[in-house]
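J.: Could you work out the structure for the sequence below:
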Amino acid sequence: MLKEIVSLIYPHVCLSCANPLRKYEQFICLKCKNHLPKTEYAERVENPVSKLLWGKAKVEHASSTFYFKKGSIIQKLMHQLKYKGKEELGEELGKIMARELLKSPFYSNIDGIIPLPLHHSKKRLRGYNQCDSIAIGLGATLNTEINFNAVKRLKANTSQTQKGHFERHENVDNIFQVTDPKTLNGKNILLIDDVITTGSTLAACAKSINEHTDARIFVSTLAIAV
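T.: Now for the predicted structure:
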């Protein structure tokens with residue numbers, strides 16, 4: 001009864017369209033969930049995400065689950081996750097992401113998940129790493145362990161937004177350190193991020209893992225900017 005009264009005062013609404021959620025809906029209403037712009041890249045050998053990483057790092061396969069466009073459902077949800085502290089939304093999106101990866105033979109033998117790390121100063125300022133919550137949803141659905149500490153971010157690099165291709169690559173050069181190579185050796189590792197634009201940051205992280213371990217790296221992001 002108390003829960004119902006609270007929900008009348010502070011109704012649970014869809015974080016995309018702001019319409020009230022039904023009892024069986026979590027964070028995203030069914031209508032918005034059905035309109036999420038899926039890429040189906042996980043099932044394709046070559047796709048725009050894998051092409052972004054070509055020549056930058058050794059990656060077995062790369063994909064994104066959704067398209068990220070200005071004004072889209074995904075942009076609204078990502079804003080809620082990244083800037084409004086909606087970490088449980090990240091877990092829900094991670095579960096959706098995992099179900100898409102399960103359709104693909106490329107991701108059938110993942111041994112561990114590594115969320116792209118934030119520098120400690122940025123994590124302290126924001127209070128959390130949005131990739132961690134996505135990883136939790138992924139891990140729960142894939143029944144796979146998450147290694148939050150295998151890779152460390154050494155520098156809080158400046159924003160990539162206004163940089164050209166070469167500047168983006170230079171901006172992330174040598175900013176990651178593998179802290180525990182033994183835990184990664186011989187493993188199939190899924191490296192994840194929220195959104196991929198040029199792939200420079202993910203490539204830098206994957207390259208660091210390449211240089212210090214014999215792990216096979218798979219990359220997946222929640223969305224790709226288009």
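J.: quick one: low-confidence parts of this protein?
T.: 1-11, 157-171 (pLDDT under 70).
J.: and with 50 instead?
T.: 1-10, 160, 169 (pLDDT under 50).
J.: can you pull out the helices in the chain?
T.: Using DSSP state H, the helices of the chain run over 2-9, 30-34, 48-53, 73-83, 87-101, 120-126, 130-142, 165-171, 200-212.
J.: what angle sits between the longest one and helix 73-83?
T.: Comparing the axes of helix 87-101 and helix 73-83 via axes from the mean of the first three to the mean of the last three CA atoms, to 10 degrees yields an angle of 130 degrees.
J.: mind listing what's buried in helix 87-101?
T.: 87, 89-98, 100-101 (16 or more other CB atoms under 10 Å). The C-beta positions use only the backbone N, C-alpha and C, and glycine is treated the same way.
J.: And the last one, by the same measure?
T.: Residues of helix 200-212 classed as buried by neighbour count (16+ other CB under 10 Å): 200, 201, 202, 203, 204, 205, 206, 207, 208, 209, 210, 212.
J.: picking up where we left off before, list just the one of the helices of the chain that sits closest to residue 194.
T.: Closest to residue 194 of the helices of the chain, according to CB to CB: helix 130-142, at 5.5 Å.
J.: contact partners of that closest one?
T.: 81-82, 87-99, 101-102, 107, 110, 113-118, 144-146, 148, 190, 192-194, 222 (CB atoms under 8 Å, 6 or more residues apart in numbering).
J.: try 7 Å this time
T.: With contact meaning CB atoms under 7 Å, 6 or more residues apart in numbering, helix 130-142 is reached by 81-82, 87, 90-95, 97-99, 110, 113, 115-116, 145-146, 148, 192-194, 222.
J.: Look up how far residue 185 lies from residue 210.
T.: 12 Å (CB to CB, to the nearest Å).
J.: oh sorry, the question was meant for residue 22
T.: 47 Å.
J.: what do you get for residue 144?
T.: 17 Å.
J.: Looking at those two, which is more packed in?
T.: residue 144 (18 against 11; other CB atoms under 10 Å).
J.: wait, the more buried one sits on residue 113?
T.: Yes. Using CB atoms under 7 Å, residue 144 is in contact with residue 113, at 5.6 Å.
J.: Dump the helices of the chain to CSV, plus distance to residue 16.
T.: Shown next, in CSV, are the helices of the chain (distance: least, CB to CB, whole Å):
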stretch, distance to residue 16
helix 2-9, 19
helix 30-34, 4
helix 48-53, 23
helix 73-83, 5
helix 87-101, 10
helix 120-126, 22
helix 130-142, 16
helix 165-171, 29
helix 200-212, 26
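J.: Could you work out which of the ones you listed reaches nearest to residue 65?
T.: Across the helices of the chain, closest to residue 65 is helix 87-101 (CB to CB), at 4.6 Å.
J.: Which elements pack onto that closest one?
T.: helix 73-83, helix 130-142, strand 216-225 (3 or more CB pairs under 7 Å, 6 or more residues apart in numbering; DSSP states H and E).
J.: how much space between the nearest residue to residue 35 once chain neighbours are set aside and residue 126?
T.: Distances taken as CB to CB, 6 or more residues apart in numbering place residue 73 nearest to residue 35, at 6.1 Å, with adjacent residues excluded. Distance of residue 73 to residue 126, computed by CB to CB: 23 Å.
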